[in-house]
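[1] need a structure here:
(chains A and B)
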Amino acid sequence: MATAAPMESRFGHPKATGGIIFEAACFAAATLLLAALGGVVISLAIGGWPAFQQFGFGFLTSSEWNPVTEVYGAGTAIVGTLITSFLALLVALPLALGVAVFLVEFCPRVIAQPIAIAVELLAGIPSIVYGMWGLFVLAPWFAENVQMPLMMSAEPGSWQETLFSGIPNGANIFTASLILAVMILPYMAAVMRELFMTVPPQLREAAYGLGCTPFEVVRSVVVPYVRRGVIGVIMLGLGRALGETMAVTFIIGNSHDFPDSVFASGSTIASTIANEFAEATSDMHSAALVALGLVLFLITFIVLAFARLLLRGQKI
Amino acid sequence: MFKRFAATFGAALLFASAVQAANISGAGATFPAPLYAKWAETYKATTGVGLNYQAIGSGGGIKQIKAKTVDFGASDKPLKPAELAAAGLYQFPTVMGGVVPIVNLPGIKPGQIKLTGALLGDIFMGTIKKWNDPRIAAVNRGVRLLPIPITVVHRSDGSGTSFLFTTYLAMKNPAWAAKVGASDAVAWPAGIGGKGNDGVSAFVKQTMGSIGYVEYAYAKQNRATHILLQNKAGGFPQPNAPAFSAAAAGAKWQQAPGNYVLLLDQQGAAAWPITGVTFILVYKNQTSAANGASVLKFFDWAYKKGDASAVALDYVPLPAPVKALMRTQWLANVKAGGKPVYVSR
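    Got it, this is the predicted structure:
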């Protein structure tokens, strides 16, 4: 598709004044967005500069986060962000695939619509509600029914004991990842369903005509047809998980140490900012938090750019 | 129909803008926010002057007043005299509260466990790991302590509550002072962090053997299992309004430059050791006499008429002599064009 220059009519008609105004308005809207984005990046860079200057590259790797001595390192927050996001993806992806395949391939029309609406409603629940549910319902349940049994069954000194060690109250990196998975699941399932609908019916019917089972149709025809799109969905889900704030803050345990077990407390970039920004009085503390924001922006940007690259040429 | 609507709307708009002009704006600490909201509501009903208070946190309040976007800032910790002087600010206290450690131990009733400040520091350092540690047992004779591992729960968000708590630990425990220090947020050596008072209290409720700390009002309203702390006089008072007032009575406001007063570990047999005051920040040199006067008028009214609502919300009013002292300070410290903006009545 050829892109028209912003102020030139696409069909070569002599342009009416209304058309010019309309195009100009659209152009302004688009550039305003770009300008806002650029402004955010620049102000993050300026605001975080003192921290980058003071701590250099060590800001990205150090686990020391001490507002008293004014030494800040983003290492644990970066690691926590990446672990929770990828764990969430690992849980959400098969479920999202299952939901989408069921809705497109097997679901009777009568219940397809209610399920689709339920999925969309799930996507509309505010983050803080997930956080409260996680803190008051999931965490105690998880501690009692999963974490404690696992900890008690582990032999002293075995690798299981190390793997499952932690404070037995269900507030840890693993439960934070579970909450994140629930949060990105509806979004991923909805987009994936749309993707699967783009598979031409002829392909599907041909496969069934050859005697394929539904599983074979999904595995060998539907998924390969939208392969790159699915990768794009994964990246978008990851992008959302990376920046999720309140729900994670409530349940991750908020400690600035590298996690040493699956049930260890941790922190993410977004949770650290949410926790400390309101009461950050010293200039370096504020700068370190703004710098964290820039790091998160860069991580998200890389993920989304990667998704774009994979989505190129894929029709959705 | 439309005309009438337009007329009403126009009148409402006019009325709103007329009120807007006299409104006071403030921003800062979240701890006193419910009380300031209550005061603002009553004050507006009696005087017609509204208060727009944004509870954005003490750090935010200090930044906003320094940027002169609000008439006053509010902070849960006092600014040091040097910082006040550098910014040309003056601070005064409004209301008190306290920090109370809470625990979750089977068979233990509120107030049954006693600790000293030094022990509390060791527990939060992670050096005392079990509840039946001989050092804990030594101050709790007759209490059955089980060998339950201790889980420390602290605030994950920066907070004036944590500032009071860590400052107290640093005063009483040299190891804490050397390795951790005191601030709104510190590098906690042990345990997990909950967001806000409710986050801490939820984790304490859910974890057997845990110990955390919350604001007094929060502990009281949730009937949490609090512990008793030893004060400077060696007693173990219950954390309640009289114990916080006793701490305030021991403070020497007169001798404190810039009103830099911490009510931690005060003299007095009945004083609760972790008591705190929340502060208001205003410019010494007001650009508008009217704005400065309306801020001080509001807090003058709050000193006079606000105690009942403070008590109802589980805050502790300042003792009368402290209020009287502040009124004289306002005359001497807050001026516009060299003249005091506060008119004492």
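[2] strands of the stretch 1-150 of chain B, start to end?
    In the stretch 1-150 of chain B, the strands defined using DSSP state E, counting those that start in this stretch lie at B:24-28, B:51-54, B:72-75, B:89-104, B:114-115.
[3] let me redo that: the stretch 51-200 of chain A
    A:65-66, A:71-72.
[4] how many residues are close by residue A:157?
    As a burial measure, residue A:157 scores 8 neighbours (other CB atoms under 10 Å in any protein chain shown). All C-beta atoms are positioned from the backbone trio N, CA, C, and that covers glycine.
[5] just residue B:192 next, same as before
    So residue B:192, with other CB under 10 Å, has 27 neighbours.
[6] and it, what's its pLDDT?
    According to the prediction, residue B:192 has pLDDT 90.
[7] which phi and psi does it have?
    Backbone geometry at residue B:192, expressed as degrees, to the nearest 10, gives phi -120, psi 160.
[8] these two touch, right, it and residue A:257?
    No - using CB atoms under 8 Å, residue B:192 is not in contact with residue A:257, being 10.8 Å away.
[9] need the overlap of contacts for these two.
    Among the neighbours of residue B:192, those also in contact with residue A:257 (CB atoms under 8 Å, 6 or more residues apart in numbering or on different chains) are residue A:265.
[10] hmm, back to that, for chain A, which of the strands of the stretch 1-150 of chain B is the nearest?
    Among those, strand B:72-75 comes nearest to chain A, with 8.5 Å by CB to the nearest CB.
[11] in space, what's closest to the residue in the stretch 201-345 of chain B positioned nearest to chain A - neighbours in sequence excluded?
    Ranked by CB to the nearest CB, the top residue of the stretch 201-345 of chain B for proximity to chain A is residue B:207, at 4.0 Å. Leaving aside its sequence neighbours, residue B:207 sits nearest to residue A:169 (CB to CB, 6 or more residues apart in numbering or on different chains; 4.0 Å).
[12] next one, pLDDT for that neighbour please.
    83.
[13] interface residues of the stretch 101-250 of chain B facing chain A?
    Taking CB under 8 Å from any CB of the partner chain, the part of the stretch 101-250 of chain B that reaches chain A is made up of B:151, B:156-160, B:180-188, B:191-195, B:199, B:202-203, B:206-207, B:210.
[14] how near is residue A:209 to residue A:201?
    Residue A:209 sits 12 Å away from residue A:201 when distances are taken as CB to CB, to the nearest Å.
[15] and for residue B:272?
    Residue B:272 is 75 Å from residue A:201, by CB to CB.
[16] same deal with residue B:35?
    66 Å.
[17] low-confidence ranges, chain B, go.
    Within chain B, the stretches with pLDDT under 70 are B:1-21, B:344-345.
[18] check which helix or strand covers the nearest residue to residue B:92 once chain neighbours are set aside.
    Spatial nearest neighbour of residue B:92, excluding adjacent residues (CB to CB, 6+ apart): residue B:326 at 4.9 Å. Element membership for residue B:326, per DSSP states H and E: helix B:320-333.
[19] buried ones in that helix?
    B:322-323, B:325-327, B:329-330, B:333 (16 or more other CB atoms under 10 Å in any protein chain shown).
[20] where does the stretch 201-316 of chain A come near chain B, residue by residue?
    So the stretch 201-316 of chain A meets chain B at A:249-250, A:253-256, A:265, A:267, A:271, A:274-281, A:286 (CB under 8 Å from any CB).
[21] if you set the cut-off to 6 Å instead, what comes out?
    Counting by CB under 6 Å from any CB of the partner chain, the stretch 201-316 of chain A comes close to chain B at A:249-250, A:253-254, A:265, A:275-276, A:278-281.
[22] secondary structure element for residue B:238?
    Using DSSP H and E, no helix or strand contains residue B:238.
[23] which phi and psi does it have?
    Torsion angles, degrees, to the nearest 10, at residue B:238: phi -70, psi 140.
[24] check the gap between the spatially closest residue to it that is not a sequence neighbour and chain A for me.
    Spatial nearest neighbour of residue B:238, excluding adjacent residues (CB to CB, 6+ apart): residue B:111 at 6.2 Å. Applying CB to the nearest CB, to the nearest Å, the value for residue B:111 to chain A is 24 Å.
[25] any idea how many residues pack against residue B:111?
    13.
[26] that one and residue B:225, how far apart?
    Taking CB to CB, one finds residue B:111 at 8 Å from residue B:225.
[27] related to what we said a few turns ago, what's the angle from the helix holding residue B:326 to strand B:89-104?
    Here helix B:320-333 points in a direction 150 degrees away from that of strand B:89-104 (axes from the mean of the first three to the mean of the last three CA atoms, to 10 degrees).
[28] what's the helix or strand just after helix B:320-333 in contact with?
    Next helix or strand after helix B:320-333 toward the C-terminus (DSSP H and E): strand B:335-336. The contact list for strand B:335-336 (CB atoms under 6 Å, 6 or more residues apart in numbering or on different chains) reads B:286, B:289, B:292.
[29] neighbour-wise, which of those leads?
    residue B:292 (24 neighbours).
[30] what packs against the one helix or strand it maps to?
    Assigned by DSSP H and E, residue B:292 belongs to helix B:289-305. Judged by 3 or more CB pairs under 6 Å, 6 or more residues apart in numbering or on different chains; DSSP states H and E, the packing partners of helix B:289-305 are strand B:24-28.
[31] need the residues that contact the strand it packs on.
    B:51-54, B:56, B:58, B:61, B:64, B:70-75, B:294-295, B:298.
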